[in-house]
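# my questions concern the predicted model and sequence given below.
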Amino acid sequence: MPPESDPLSDLNPAQRQAVLIPSGPLLIVAGPGSGKTRVLTHRIIHLIRQGVPPQRILAVTFTNKAAREMRTRVERALGVDAAGLTLGTFHAVAARFLRVHGAAIGLDPQFVIFDDEDQLALMKRAVQDLGLDPRRFSPRALLSAVSSAKSELLTAEALAGRARQYWDEVVARAYERYQELLGENHALDFDDLLMQMVALLRQAEAVRQRLQERFLHVLIDEFQDTNPAQYVMARLLAEGHGNLTVVGDPDQSIYSWRAADIRNLLNFEHDYPDATVVFLEQNYRSTQAILQLAQRVISSNRQRKPIALWTENSSGLPATLIEAYDEVEEAEAVARELLALREQGFSLRDCAVMYRTNAQSRPVEEAMVRWGIPYQLVGGTRFYQRREVKDAIAYLRVLANPWDSAGLERVLNVPPRGLGQRTAAELRRYARQQGLTPLQVAMMAEEQEGLSVAGRARNALVAFGRLMAELAVEVEAHSPHDLLDLVLMRVGYRDYLQDHFPDADDRWENLSELHTVASGYASLPPREALTSFLEEVALMSDVDELRDEGEGVTLITLHAAKGLEYPVVFIVGLEEGLLPHSRTLDDPSQIEEERRLAYVGITRAKQRLYLLRALRRSYAGAPTGLGPSRFLRDIPRERLVLGGRGRPAPQAQTAKASLSAPQLVGATGRSPSAPTLYAAGEHVQHRVFGEGVVVSCTAKDNDAEVVVAFVGLGVKRLLASLAGLERR
DNA sequence: AAAAATACGCTTTTT
DNA sequence: GCGTATTTTT
């Protein structure tokens, strides 16, 4: 993309219009690859050049990564001027405002943000406190009910008022108790960040006025995926002047399960009758072949406003369809293609493999390892939810906010010091009774008469309290990374890892990575640095961890891939039951969302697109046969070429005939092997045994042991050199 | 209270 | 089939 030096010359008329509209509500409907980020960035640059001070502009993006990129672009165009720009995700922006102004609605400026593990722990406690049976009322389900209520700005009280069934009543009560517990912890959960922000704007008039006067322009990206709370927050902030710019694409709305409401976008003109509407329809990203294929897929959606996408890009190659036998062969096919693409001059970092569910990354990862292809996995077991990382953060959290009992209870017995559930509960009880923080009680355990912790546990608690007291002294004097070191050292965390985990070195390595992140805050005053660091860590999203300069192919869910683009895209698992996912099959509107998800994936591709499906896939242990995705049926034959190993993959029928079901279950237990010999699922012919399907192939000395399922004969183990197998 | 054994449930997507 | 949660054992 050309540099942003001249904001106008390299924009098309629609883009230019979107950049130049001076004020008022503005809706930009932007198809994939139509340069919406550019328009947003240029608009900000233009506003600043027109004399709007950066600190009077608020821009909201979907991920922190997008925010970072946008800031970089603005700064590159303007110099350091952009420092005052308020730019981040809804959650990050809300957190920042709440730290500064939240006291007006009774918030502690040192509040911590609870992640879902903390939330679950708290909800479990709420369930317990209410004397509910956790099997009948699963804390998880309650939590998700509470979360959607909060997304719609419903308080526990409001929820109780509209309860029609027993379940709703229980949810309302659990919500109320859960909220009390959050309060005791001086903690907010993700949804609270938005809801409390709205409460702040609604209730604290002075704050509302101040923020409304401060921000002359409010710009929101990915508007199709905002939930009611976010929408209200945006509206309130832009109230008065009404200089609200929103950018979105209804066809890319994929977060309805997270309470995102596409109507925020569709009804924008209704809510703002004087809104200007601009359509960005020229695509700069993809080849014609890819764009046309994408349109074929999305046009089957009934509930949509068609948009006339077009491109001047070259026609490009047709997409490749690969039908593999199972998920292992599917992954192998990806690996083979990646190597071929590298031969053709593509870099691995130009390539991404996308899938519906995180579980699908595994066979792909395994294939990458077998073939020696470097990769970057986005999401999955995320860095910040690894146990050792969470432990370390929990220590810091407690030091930052002594009210954080969830954090305290996480570290109370890590490393093991003989302080279990009973001690934790007593600590909590006594703290509440005395009006102290649980941490204070621990620190003063020695002189607390009424604390019924005796014997060994008492001594351990006193020792723990001393340790924490010593660390607490250091908070004001050290930047987060030094504090982290200090904590790990005093606590003896490394020894703990060595004694308890076979992979202690890897885990320690993760902590040094955390140290690196923490050292990014060294320039701020210690207290502020600690808070910001913990906030960043809490609000980090999956894609935020994606490194552009990283080596290797990217493995990513379709959801997380929104907003990204790659020269080469593989979409795996195009099967009924996976994409669209089985949980959506009974609801037409959910199927439409699945289709949009497929559309998002397809439109990430610039030059090459590979669509893959497997005939069989092991799903929760058992192998299942899945038909081709209905989305494939929308694509005319001539838009696809069949790929794989230069000939069609085995047909479903043959595969079925050659396998007696129980034996194949073992196929999932295959071990890594030389990729060259036989792939699982390959059809072979034996002189004596006849036709069969390879179950696995393992290296053995200088030979390979091939396990083959023969028609009517069952499974045989053969040595590759002696068996004389022929491929069919 | 810690370690070991067993049971269970899980697979949609995430700030 | 696997990883986590809960129960049982020491």
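Great, that's in hand.
# okay, CA-based contacts and neighbour counts for the rest of this
Noted.
# for chain A, which element, helix or strand, carries the lowest mean pLDDT?
Each helix and strand of chain A was given a mean pLDDT (mean pLDDT, DSSP states H and E); the minimum falls on helix A:661-664 at a mean of 24.
# and the next helix or strand after that helix, which residues are buried?
Later in the chain than helix A:661-664, the nearest helix or strand by DSSP states H and E is strand A:683-686. By 16 or more other C-alpha atoms under 10 Å, the buried positions in strand A:683-686 come out as A:683, A:684, A:685.
# spatially nearest residue to the last one, not counting backbone neighbours?
Nearest non-adjacent residue to residue A:685, counting by C-alpha to C-alpha, 6 or more residues apart in numbering: residue A:691, 4.6 Å away.
# closest residue of the stretch 451-600 of chain A to DNA strand C?
residue A:501 (12.1 Å; C-alpha to the nearest atom of the strand).
# neighbours of that residue, just the number please.
11 (other C-alpha atoms under 10 Å).
# quickly note the distance from the nearest residue to residue A:516 once chain neighbours are set aside to residue A:523.
Spatial nearest neighbour of residue A:516, chain neighbours left out: residue A:481 (7.5 Å); criterion: C-alpha to C-alpha, 6+ apart. Using C-alpha to C-alpha, to the nearest Å, residue A:481 is found at 11 Å from residue A:523.
# neighbour count for those two, which is higher?
residue A:481 (23 against 9).
# element containing the more buried one, please.
Per DSSP H and E: helix A:480-491 holds residue A:481.
# that helix - contacts with which helices or strands?
Contacts defined by 3 or more C-alpha pairs under 8 Å, 6 or more residues apart in numbering; DSSP states H and E place helix A:480-491 against helix A:387-400, helix A:455-474, helix A:504-519, helix A:526-539.
# rerun that using 6 Å as the cut-off
Judged by 3 or more C-alpha pairs under 6 Å, 6 or more residues apart in numbering; DSSP states H and E, the packing partners of helix A:480-491 are helix A:504-519.
# now the helix it packs on against helix A:526-539, angle please.
Orientation check (axes from the mean of the first three to the mean of the last three C-alpha atoms, to 10 degrees): helix A:504-519 against helix A:526-539 gives 120 degrees.
# is helix A:504-519 anywhere near DNA strand B?
No - shown here: helix A:504-519 not in contact with DNA strand B (C-alpha under 7 Å from any atom of the strand), separated by at least 14.8 Å.
# show me the contact partners of that helix.
A:480, A:481, A:497, A:498 (C-alpha atoms under 6 Å, 6 or more residues apart in numbering).
# mind checking which of the residues you listed are buried?
Buried subset of the contacts of helix A:504-519 (neighbour count, 16+ other C-alpha under 10 Å): A:480, A:481, A:497.
# distance to residue A:505 and pLDDT added to those residues, as JSON lines?
Listed next are those as JSON lines, based on distance: C-alpha to C-alpha, whole Å; pLDDT from 0 to 100:
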{"residue": "A:480", "distance to residue A:505": "22", "pLDDT": "94"}
{"residue": "A:481", "distance to residue A:505": "19", "pLDDT": "94"}
{"residue": "A:497", "distance to residue A:505": "8", "pLDDT": "84"}
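# residue of the stretch 451-600 of chain A closest to DNA strand B, please.
For the stretch 451-600 of chain A, C-alpha to the nearest atom of the strand, closest residue to DNA strand B: residue A:541, 3.4 Å.
# since that was my last question, I'll sign off now.
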